[in-house]
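In: Below is the sequence, then the predicted model.
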Amino acid sequence: MSELDASPIHRKRVLLANPRGYCAGVDRAVQTVEEALKLYGAPVYVRKQIVHNKHVVSTLEAKGAIFVEENAEVPPGSTVVFSAHGVAPEVHQQAKARSLKAIDATCPLVTKVHQEARRYAAQDYDILLIGHEGHEEVVGTSGEAPAHIQLVDGPHDADRITVRDPEKVVWLSQTTLSVDETMETVAHLKRRLPMLKSPPTDDICYATQNRQQVVKQFAAECDVVLVVGSRNSSNSVRLVEVALGAGARAGYLIDYASEIDDAWLAGATTVGLTSGASVPDELVGQVLAHLAERGFADVEQVTTVDEQITFALPAELRRDLRAAAATTTETGPGVVGTDVRAGAS
């Protein structure tokens, strides 16, 4: 037994991960769309899914958000929000050409990786971007310096890499990867490129690391680990992989409690529960209620760190919210956003 419970387990219990769910970047992105709808009125267009979660997208659609794949689908002069995953410079140029009012909800931690890519490209480095091919974040980061960036999609991909100067090469990463797999990929690369430079600070975001760490702490205790999250959510998929790698006997990714198969719980006494960084906690609450109906009413929260990070809303939205608030002060009550959040911590 681990430190979580030193006595024999005869009761059904849930080990509930903390932290879980929304990270600061997701909270900022979702709030950006909500505030834009209040301020500008519907419709507000959103390029790609604002975050990779089915429930969040459908909830925002019900409020008047229209999700599109490309700027070309947005009527000229309309408001468009760019997703938390970030976009390439050409997407900003396309928006400008269509006279779109663009609000960039890119997570600041993704923006940090974009800045690193531009800086190393300016110094003529070859950049090895560790990430999953086709993921929106990878597409956006690659667009910052396409002539300098090569994608490395896992350890198996390391051997095909070629560089111009083995003494002038750096690795960066998608922010939502498995920490362990990323470092395994780096180890493979360094065997071929001993002078490979690392980014100045971790590219994998704090929330991804924290959610993986708490799952590692309780996974070996669990007959089943349930991860609430959508299948296109990289960090949610990684949580299932981390749970299985850390000793969970089974792991499943679900969007809703209704997707739980009772056969998964047959004979189980301990269920681990967490959620990806784009998942509202109401969905976790529904899973807890579902489990309680099946005898798993004893919930133990497993906490590894207390997250206190917040990010300011995009500058262009803050500016318009301040202007609307000033107009309201002068002319009387009106419809304005509710939380300008002028700074980040």
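Out: Perfect, I can see it now.

In: mind showing which ranges of the stretch 201-345 of the chain have poor pLDDT?
Out: Within the stretch 201-345 of the chain, the segments meeting pLDDT under 70 span 330-345.

In: the strands in it, which residues?
Out: 224-228, 251-254, 270-275, 298-303 (DSSP state E, counting those that start in this stretch).

In: Quick one: those as JSON lines, columns for distance to Gln115 and mean neighbour count too.
Out: (Glycine included, C-beta is placed from N, CA and C.) Conversion of these to JSON lines gives the following (distance: least, CB to CB, whole Å; neighbours: other CB atoms under 10 Å):
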{"stretch": "strand 224-228", "distance to Gln115": "31", "mean neighbour count": "28"}
{"stretch": "strand 251-254", "distance to Gln115": "32", "mean neighbour count": "20"}
{"stretch": "strand 270-275", "distance to Gln115": "29", "mean neighbour count": "27"}
{"stretch": "strand 298-303", "distance to Gln115": "32", "mean neighbour count": "13"}
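
In: which ones are touching the spatially most central residue of the chain?
Out: Residue closest to the average C-alpha location in the chain (CA atoms, centre = their mean): Ala277, at 5.2 Å. With contact taken as CB atoms under 8 Å, 6 or more residues apart in numbering, Ala277 is in contact with 21-23, 25-26, 176, 205, 207-208, 211, 233, 235-236.

In: in stretch 241-258, what's buried?
Out: 241-243, 245-246, 248, 250-255, 257 (16 or more other CB atoms under 10 Å).

In: how about those, which pair is most distant?
Out: Gly245 and Ala257 (25.1 Å; CB to CB).

In: Dig out what Trp171 forms beta bridges with.
Out: Leu128 (DSSP bridges).

In: re earlier: out of the contacts of Ala277, which are inside helices?
Out: When DSSP state H defines the helices, the subset of these inside them is 25-26, 207-208, 211, 235-236.

In: would CSV of the residues you listed with distance to Pro89 be doable?
Out: Supplementary listing: the ones in helices among the contacts of Ala277 in CSV, determined by distance: CB to CB, whole Å:
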residue, distance to Pro89
Gly25, 20
Val26, 23
Ala207, 26
Thr208, 25
Arg211, 30
Asn235, 25
Ser236, 28
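
In: Serialize these to TSV and add fields for distance to Leu37 and neighbour count.
Out: What follows is the ones in helices among the contacts of Ala277, written out as TSV (distance: CB to CB, whole Å; neighbours: other CB atoms under 10 Å):
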residue	distance to Leu37	neighbour count
Gly25	19	26
Val26	17	26
Ala207	25	26
Thr208	28	25
Arg211	29	31
Asn235	26	29
Ser236	26	26
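
In: Which of those residues sits closest to Val302?
Out: Arg211 (11.7 Å).

In: Before I go, just wanted to say thanks for your time.
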